[in-house]
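>>> need a structure here:
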Amino acid sequence: MTGSPATPRERYRQQVRAEVKERAWGQIAEAGASALSLNAIARQMGMSGPALYRYFASRDELITELIRDAYRSLADTFRDTGSPEGTHPATLAQALRRWALDDPQRYFLVYGTPVPGYHAPQDITGIASEIMSTLLDAWMAAGPGEAPAGVAGTLDAYLADHRPWAAGHPAAPPAVLRRALIFWSRLHGMLSLELAGHFTGMELDPELFFAAEVDALSAR
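Have a look, this model is predicted:
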């Protein structure tokens, strides 16, 4: 059963909000999220500031909408990458890299430097948790790997009692949590360096480097 068709007024509102978000991404690409200005967007659209505030009540509301869209896009990418037999962590890693390269500003908004003074609402945390849940599903299927020793063993003991971030996987063994955390953090380290252009002067092939790192992490 479908909902009622949108009225012309509702359609216009959706169109304006979509244009505001498009122009916001343009601002972010030029000067970063901290420089986002609703008044500047209003001028670009030939509107007054107060008129635009009828569509987004504040800069933070606009940022929240952009972050929500970004997280939802990655969550959907991960979901579409899966298969009935399960998804290997390496497959998710490559999907993450393609998603990041497709729109670096979107990637940096959610995984880069936090916007000063901005605090995300709880529902944003929920979508981020959905992404981590997909990753943990993949690592649950991959298994805990070899028995850890040294610092890795100490981390496993710590994660046994510090796992609120993995609330959707209460039965996940600490070794699986460790593998997923290390995998996730190393992937973002690689991607952040690549997207910021740090590999360019080193004359490295970032795709090959990323693939080698994924293979090494998957074999742990």
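>>> what stretches of this protein score poorly on pLDDT?
Using pLDDT under 70 as the threshold, the predicted model of the chain has low-confidence ranges 1-5, 83-86, 147-148, 220.
>>> Just give me the residue right at the centre of it.
Among the residues of the chain, the one closest to the centroid is residue 71, at 4.8 Å (C-alpha atoms, centre = their mean).
>>> Contacts only, for that residue.
Taking C-beta atoms under 8 Å, 6 or more residues apart in numbering as the definition of contact, the neighbours of residue 71 are 110, 124, 127, 128, 131. All C-beta spots, glycine's among them, are computed from the backbone N, C-alpha and C.
>>> what's the nearest residue to residue 112 if we skip its chain neighbours?
residue 192 (7.2 Å; C-beta to C-beta, 6 or more residues apart in numbering).
>>> The one you found is in contact with residue 113, isn't it?
No: if you go by C-beta atoms under 8 Å, residue 192 and residue 113 don't touch, sitting 10.0 Å apart.
>>> More neighbours: these two, which one.
residue 192 (16 against 10; other C-beta atoms under 10 Å).
>>> tell me which strands and helices the helix or strand containing that one is in contact with?
Assigned by DSSP states H and E, residue 192 belongs to helix 174-195. Secondary-structure packing of helix 174-195 (3 or more C-beta pairs under 8 Å, 6 or more residues apart in numbering; DSSP states H and E): helix 89-102, helix 104-111, helix 122-142, helix 150-161, helix 206-218.
>>> The shortest one - contacts with which helices or strands?
Under the contact criterion of 3+ C-beta pairs under 8 Å, 6+ apart, the helices and strands touching helix 104-111 comprise helix 8-31, helix 59-81, helix 174-195.
>>> Quick check: buried residues in the second one?
When neighbours are counted by 16 or more other C-beta atoms under 10 Å, the buried residues of helix 59-81 are found to be 59-60, 62-64, 66-68, 70-71, 73-75, 77-78, 81.
>>> Ok, stretch 155-170 next?
Burial within stretch 155-170, assessed by neighbour count using 16+ other C-beta under 10 Å, is assigned to 155, 156, 159, 166, 169.
>>> Give me the contact list for it.
Counting by C-beta under 8 Å, 6+ apart, the neighbours of stretch 155-170 from elsewhere in the structure are 129, 132-133, 136-137, 140, 148, 172, 174-175, 177-178, 180-181.
>>> Rebuild those residues as TSV, extending it with distance to residue 10 and neighbour count.
Below are those laid out as TSV (distance: C-beta to C-beta, whole Å; neighbours: other C-beta atoms under 10 Å):
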residue	distance to residue 10	neighbour count
129	31	18
132	34	19
133	33	16
136	38	23
137	37	20
140	42	17
148	55	18
172	43	18
174	49	20
175	50	22
177	44	24
178	48	21
180	41	23
181	43	18
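>>> out of the residues you listed, what pair is the most spread apart?
Farthest pair in those (C-beta to C-beta) is 129 and 148. Separation: 25.1 Å.
>>> Make CSV from the helices and strands packed on helix 104-111 and add distance to residue 87 to it.
Written out in CSV, the entries for these read as follows (distance: least, C-beta to C-beta, whole Å):
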stretch, distance to residue 87
helix 8-31, 29
helix 59-81, 6
helix 174-195, 13
